[in-house]
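# Build me a model:
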Amino acid sequence: MPFPASHPALERALSERGYIEPTPVQAAVLEAEGGRDLLVSAQTGSGKTVAFGLALAETLIGDADRIADNAAPLALVIAPTRELALQVSKELEWLYASAGARIATCVGGMDPRAERRVLDRGAAIVVGTPGRLKDHLERGALDLSELRAVVLDEADEMLDMGFAEDLTFLLDAAPSERRTLLFSATLAKDIVALARTYQNDALRIDTTSKNAPHGDIEYKAIRVQPNEIEHGVVNVLRYFEAPGALVFANTRERVKHLTSSLRERGFSVVGLSGELTQNLRSEALQALRDGHARVCVATDVAARGIDLPDLGLVIHAEIPVNKATLLHRSGRTGRAGKKGVSVLMVSYARRRKAELMLQSAGITAEWSGPPTAEMIEAKDHERMMSDPVLTAPADDENLALGRQLLERSSPEQVAAALIRLYRQKLPAPEDVRDDERMARAQSTGRNDRGQKDGPLTDFARGGEMAWFRINIGRDKNADPKWLMPTICRVGGVSKPEIGAIRIFDRETKFEIVKDAEDRFRAAIARGLEDGMTIETAVAPGPKERPVSRWDKSPRARRDDGDDRPARAPRPPRPHADAPKKPWAPRPAAETPDVAPARPVDSDGKWIKRTKLTPTPEGKQPWVDKKKKPWTPRAETASPTAGDQPWKGKPKGKPAGGDRPWAPKDARGKPTGPKPFKARKSRG
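Numbers count the residues shown, from 1 in each chain. Take a look at the predicted model:
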């Protein structure tokens, strides 16, 4: 039965691809009235790309057999990320191959000059990211005058990533009589507001279930110690042995660390984060599609729209930030009717967050401990016994070689060699244990003190504690803000299991609850970070306190039950017992009744006082000195050129002619022709 496409050319392309029947979102789009705007909400992996490709057929092709050659694009598809834009472009290429449509891709990280040359040659459909499309539009390389349809794929993600301004710019530049198709995983308020502004009488299609999660994804929550998350990821990868697996981390540095750690253990792994160039990111995804790599460690940049074939496992090495991120990460598996597994690695400190996130998403996860080495070996045995290599028919050459091996070795030796070769290519499992305290709290609903388990009463201090010492003190800028996570990570304990922390100059003492002491000792015995040592310590004395960094002198010892000698008594001060003089008011200073008059001259003017150096004979700070009386200067006649020879001397250089000097303007610069000067030859 052929796929019920909207155009014969698309129907042939779908049949060649093996499409038999449409998904719910594709069927809803095909049943919609042609030419209307669409507001579609569907789960990840439900075939939205093919759905809006089918919806565009009537607008782009109509009743014609092929799309006519045109200079300006007829449809514009906007995607949030480079990977999703490239993937949409590849999907539309095979879908519209029979219709003769040319597809142009404009994404960041690629050569814009090459993209401009493709746009100049003409393309029926342009797929790109908002930033690069806006750049081409501002530079005049992208012409939207003949645009008939605009598709916003993963619109909610574009708004979350801050592309609202770029989307508004592109939609305002498009013709007003166009079609607008908006596809999103969720229909939040901002998405509905965007649709109300730029869509006209849109048909709303919602194929998501409000209460039921993705039916093709199995969710599992693994209890692990904080310092054994990497070992838990290794065992989960070994236990499921999926053809393709995605391991998600929250930061780029964590992606680098996990990638190198898994590669050292023998996994074929690639990393994917935002700091990589577009070519490196494309090579990583292509390695997964070709089967050259089996594991990809990525940040949330790969959580949207990436379609990887045979991706059967998603591992959340770090808990997602919210419910939407959890659903989009997990949606990379279980696509197109295939089954998948989503595993959350949960430590004791993140247990409440994981439980609330799963509850708000309507997901029922299976809680268990990490797969042990015995469980992984049993799985390897089952997979080896059912390996298609053992049941596939052998050719004559292989049979002949097998007979030669049996003539030289026994069947048991050949089988043992086969098993040994099979196990050599598999990474060794790690020794990981279940978090018994978390399991006990989940099964009984009570914490270690028997109280009702809750986010504020997970553990109450006050029981027996054990003291330890770490060689990090104030000289290394020790601070409880980062010491606490460090102790939790290296010791496999949680924050409530750590008591008092006392920081000294060259070391720090801290408490561990007695119930976790054995587990803490076993964790630090397996190895610590470079330069770090943790050992048992004696509890500090009652009066012992951290020494100030400015107090370099040794503290005096007190006899207060401690092993320190008593402090010597301080000698009394010499004036401590001396009687104090009675208070008496200070006598007032004698002041003259009349201020001394300042001397004046005969005209009644003050005489200027000139300061002089005091003499030993008397205390004469100044002498009175009269000013000379002012007299007007006598008027004198203006000098003439005859009386003073320098006054009549002409200024300026001779300018030739009968003029003795060159006249000057108001600014003092000479006017008239300048005298001729012969230039010296440089030769």
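
# drop to CA atoms for contacts and neighbour counts, all remaining ones
Noted.

# who's in contact with the residue nearest in space to the middle of the chain?
Against the mean C-alpha coordinate of the chain, by Cα atoms, centre = their mean, the closest residue is T251 at 5.7 Å. For T251, the contacting residues are T299, by Cα atoms under 8 Å, 6 or more residues apart in numbering.

# now it: how far from G499?
30 Å (Cα to Cα, to the nearest Å).

# what's around D172, how many residues?
Applying other Cα atoms under 10 Å, we find 11 other residues in the vicinity of D172.

# Could you give me the buried positions within the strand or helix carrying it?
According to DSSP states H and E, D172 maps onto helix 164-173. By neighbour count on 16 or more other Cα atoms under 10 Å, the buried set for helix 164-173 is D166, L167, L170.

# Turn those residues into CSV, including distance to A416 and pLDDT.
Formatted as CSV, the buried residues of helix 164-173 follow (distance: Cα to Cα, whole Å; pLDDT from 0 to 100):
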residue, distance to A416, pLDDT
D166, 63, 90
L167, 63, 91
L170, 65, 92
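
# how about those residues in CSV, adding distance to E412?
Output for these, formatted as CSV (distance: Cα to Cα, whole Å):
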residue, distance to E412
D166, 68
L167, 68
L170, 70
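
# ok, so of these, who is nearest L194?
Among the buried residues of helix 164-173, L167 lies closest to L194 (Cα to Cα), at 9.8 Å.

# what pLDDT does the nearest residue to that closest one once chain neighbours are set aside get?
What sits nearest to L167 in space, not counting adjacent residues and going by Cα to Cα, 6 or more residues apart in numbering, is P130, at 6.4 Å. For P130, the pLDDT comes out at 92.

# Surely R116 touches A141?
Yes - R116 lies in contact with A141 (Cα atoms under 8 Å); the separation is 6.0 Å.

# Centre of the chain to stretch 75-85, how far?
Mean C-alpha position of stretch 75-85 versus that of the full chain (Cα atoms, centre = their mean, to the nearest Å) differs by 21 Å.

# Over to stretch 79-91?
The answer for stretch 79-91 is 21 Å, by Cα atoms, centre = their mean.

# Can you tell me what sits against it?
Residues from elsewhere that reach stretch 79-91 (Cα under 8 Å, 6+ apart): 49-50, 78, 103-105, 107-108, 127-130, 152-155, 157-158, 161, 278, 282, 301-302, 304-307.

# how close does G122 get to V40?
For G122, the distance to V40 equals 29 Å [Cα to Cα].

# Mind giving me the packing neighbours of the helix holding D172?
helix 130-138 (3 or more Cα pairs under 8 Å, 6 or more residues apart in numbering; DSSP states H and E).

# List the contacts of the helix it packs on.
With Cα under 8 Å, 6+ apart as the test, helix 130-138 has contacts from 78-80, 106-108, 116, 142-143, 163, 166-167, 169-170.

# Report the buried residues of that helix.
Neighbour-count burial for helix 130-138 [16+ other Cα under 10 Å]: P130, G131, R132, L133, K134, H136.

# tell me which of the buried residues of helix 164-173 is nearest to F510?
F510 has its nearest neighbour among those in D166, at 53.0 Å by Cα to Cα.

# which ones are touching that closest one?
If you count contacts by Cα under 8 Å, 6+ apart, D166 has them with P130, G131, K134.

# can you redo the residues you listed as TSV with distance to I512?
Below are the contacts of D166 laid out as TSV (distance: Cα to Cα, whole Å):
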residue	distance to I512
P130	53
G131	53
K134	58
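
# Relative to R667, which of those residues is nearest.
When the contacts of D166 are ranked by distance to R667 (Cα to Cα), K134 comes first, at 57.4 Å.

# can you pull the pLDDT of the closest one?
K134 is given a pLDDT of 92.

# Dihedrals phi and psi, Q286?
phi -70, psi -30 (degrees, to the nearest 10).

# tell me the pLDDT at it?
Per-residue pLDDT puts Q286 at 84.

# cool, and R446?
Predicted confidence (pLDDT) for R446: 59.

# What is the burial count for K669?
Residue neighbour count, defined by other Cα under 10 Å, stands at 10 for K669.

# same check, this time on L76
Around L76 there are 23 residues (other Cα under 10 Å).

# Quick check: it vs M158, distance?
For L76, the distance to M158 equals 15 Å [Cα to Cα].

# sorry, back to before: pick out whichever of the buried residues of helix 130-138 sits closest to S386.
P130 (48.9 Å).

# doesn't D518 make contact with A466?
No - with contacts counted by Cα under 8 Å, A466 stays clear of D518, the gap being 10.4 Å.

# Of the two, which one has the most company?
The neighbour comparison of A466 against D518 (other Cα under 10 Å) goes to A466, with 18 against 10.

# partners of that one in the sheet?
Applying DSSP bridges to A466 yields these beta-bridge partners: I512.

# so what's it up against?
Taking Cα under 8 Å, 6+ apart as the test, what A466 contacts is E511, I512, V513, K514, E517.

# quick one: low-confidence parts of the stretch 301-450 of the chain?
302-306, 336-337, 445-450 (pLDDT under 70).

# Please, where are all the helices along it?
323-330, 351-360, 373-385, 388-391, 396-408, 411-424, 436-444 (DSSP state H, counting those that start in this stretch).

# would a markdown table of the ones you listed with distance to I470 be doable?
Formatted as a markdown table, the helices of the stretch 301-450 of the chain follow (distance: least, Cα to Cα, whole Å):
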| stretch | distance to I470 |
| --- | --- |
| helix 323-330 | 37 |
| helix 351-360 | 28 |
| helix 373-385 | 32 |
| helix 388-391 | 54 |
| helix 396-408 | 59 |
| helix 411-424 | 40 |
| helix 436-444 | 25 |
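
# doesn't V414 make contact with L406?
Yes - here L406 reaches V414: they are 7.4 Å apart, a contact under Cα under 8 Å.

# one step back: please identify which of G122 and V40 sits among more neighbours.
V40 (26 against 19).

# what kind of secondary structure is that one in?
strand (DSSP: H, G, I helix; E, B strand; the rest coil).

# partner residues bridging it?
Here V40, judged by DSSP bridges, has bridge partners F183, I205.

# Compute the distance between it and A155, please.
10 Å.

# list the residues that contact both of the two?
With Cα under 8 Å, 6+ apart as the test, V40 and A155 both reach L182, F183, S184.

# Just the buried residues from those residues, in PyMOL please.
Selection command for PyMOL covering only the buried members of the shared contacts of V40 and A155, criterion 16+ other Cα under 10 Å:
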select buried, resi 182+183+184
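
# how about TSV for the shared contacts of V40 and A155, with pLDDT added?
Formatted as TSV, these follow (pLDDT from 0 to 100):
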residue	pLDDT
L182	90
F183	87
S184	82
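
# before we move on, the earlier item: looking at the contacts of D166, which one is closest to D665?
Looking at the contacts of D166 and their distance to D665, the nearest is K134, at 60.4 Å (Cα to Cα).

# For M357, which non-adjacent residue is spatially closest?
K323 (5.7 Å).

# Can you pull the domain assignment for this protein?
8-206, 217-248+304-378, 462-546 (automatic domain parsing).

# most packed of the ones you listed?
Stretch with highest mean neighbour count among those: domain 217-248+304-378 (a mean of 20; mean count of other Cα atoms under 10 Å).
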